[in-house]
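Engineer: Return atomic coordinates for the entry below.
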Amino acid sequence: MATCRAATSCRVCWWFEQTLIVGVGATLIGLTGGLILGTLAGALGGWVDSAVMRLVDVMLSLPSLLLAFSIAAMFARPSQFTVILAVAIVQIPVFARLLRGSMLAQRHSDHVLAATALGVKKGAIVFRHMLPNSLSPVIVQSTLVLATAIIEAAALSFLGLGNPDDRIPEWGQMLGDVQNVFDTHPHLAAYPAICIIIVALGFTLMGETLREALDPKNRR
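Structural biologist: Okay, the predicted model is just below:
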């Protein structure tokens, strides 16, 4: 029993690196896609804004886990990369809508109006004035999305859509494997479950702290 618990603890600790790879990778890909779509919608407006927002609305109308499950199931061979890609695609509309709203608010700010009056090109206004001043809420959201990405990646692995290689332990995969021996060894499920909760809660609290630190209303 002691040997089994020690082995499980080692697998749980070793998988923390894999968890960060999945969470950070999915967040970065989702952030990149969201920045592209949000910048196009907020800067160009018109039919581009309408087309991007309709696509975002369609993606947001579906439950995130269901959408991620559908995307991951399309791949013939599940792997760590397919999990990262599935979770990242789900996060793109979140970043896109948030950045688009921030850029629309920046469009009527004093410094943007002043640059427009001085004859500065629209591209320079977007990338020098609007976009840099719109990134603060997106950066805060990325830390919150990181917690969500870890939970969704664990859910996909639990459902059998993660890396099938047992030599690379995954928290979700470990929870799925424990179902056969849960009646006799329930503690094997407790270790990965507690780790998922702690890591997700930690990133969520970090995001809330970062939001309060960057919120101008909290500055005195």
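Engineer: Run a quick check on residue 78 versus residue 153, I expect a contact.
Structural biologist: No: here residue 78 does not reach residue 153: they are 11.9 Å apart, not a contact under C-beta atoms under 8 Å. All C-beta spots, glycine's among them, are computed from the backbone N, C-alpha and C.
Engineer: neighbour-wise, which of those two wins?
Structural biologist: Applying other C-beta atoms under 10 Å to residue 78 and residue 153 shows that residue 153 carries more neighbours, namely 30 against 19.
Engineer: The more buried one: which element?
Structural biologist: Secondary structure assignment for residue 153, by DSSP states H and E: helix 135-158.
Engineer: From the contact counts, what lies against that helix?
Structural biologist: Helices and strands touching helix 135-158, as assessed by 3 or more C-beta pairs under 8 Å, 6 or more residues apart in numbering; DSSP states H and E, comprise helix 2-44, helix 64-73, helix 80-107, helix 171-178, helix 187-214.
Engineer: what about residue 76, helix or strand, and which?
Structural biologist: Using DSSP H and E, residue 76 sits in no helix or strand.
Engineer: I'd like to know how many residues surround it.
Structural biologist: Neighbour count for residue 76, taken as other C-beta under 10 Å: 5.
Engineer: Quick check: the residue of the chain most remote from its centre vs residue 127, distance?
Structural biologist: Using C-alpha atoms, centre = their mean, the residue of the chain lying farthest from its centre is residue 118. It sits 38.9 Å away. Separation of residue 118 from residue 127 (C-beta to C-beta, to the nearest Å): 16 Å.
Engineer: Next: residue 196.
Structural biologist: Distance of residue 196 to residue 127, given as C-beta to C-beta: 39 Å.
Engineer: next one: residue 35
Structural biologist: Relative to residue 127, residue 35 is positioned 11 Å away (C-beta to C-beta).
Engineer: quick one: which of these two has more around it?
Structural biologist: A side-by-side neighbour count of residue 35 and residue 127, using other C-beta under 10 Å, places residue 35 first with 18 against 12.
Engineer: Hmm, residue 98 and that one touching each other?
Structural biologist: No: using C-beta under 8 Å, residue 35 is not in contact with residue 98; the gap is 10.2 Å.
Engineer: Overlap of the contact sets of those two?
Structural biologist: By C-beta atoms under 8 Å, 6 or more residues apart in numbering, residue 35 and residue 98 have these common neighbours: residue 138.
Engineer: For the residue farthest from the centre of the chain, give me phi and psi.
Structural biologist: The phi and psi values for residue 118, taken as degrees, to the nearest 10, are phi -80, psi 0.
Engineer: Any stretches of the protein with poor pLDDT?
Structural biologist: Counting by pLDDT under 70, the ranges of the chain that qualify are 1-16, 162-169, 171-173, 176-188, 214-220.
Engineer: again, only this time at 50
Structural biologist: For the chain, the stretches with pLDDT under 50 are 1-9.
Engineer: Any buried residues in the helix holding residue 153, and which?
Structural biologist: Within helix 135-158, the residues that qualify as buried by neighbour count (16 or more other C-beta atoms under 10 Å) are 137-138, 140-158.
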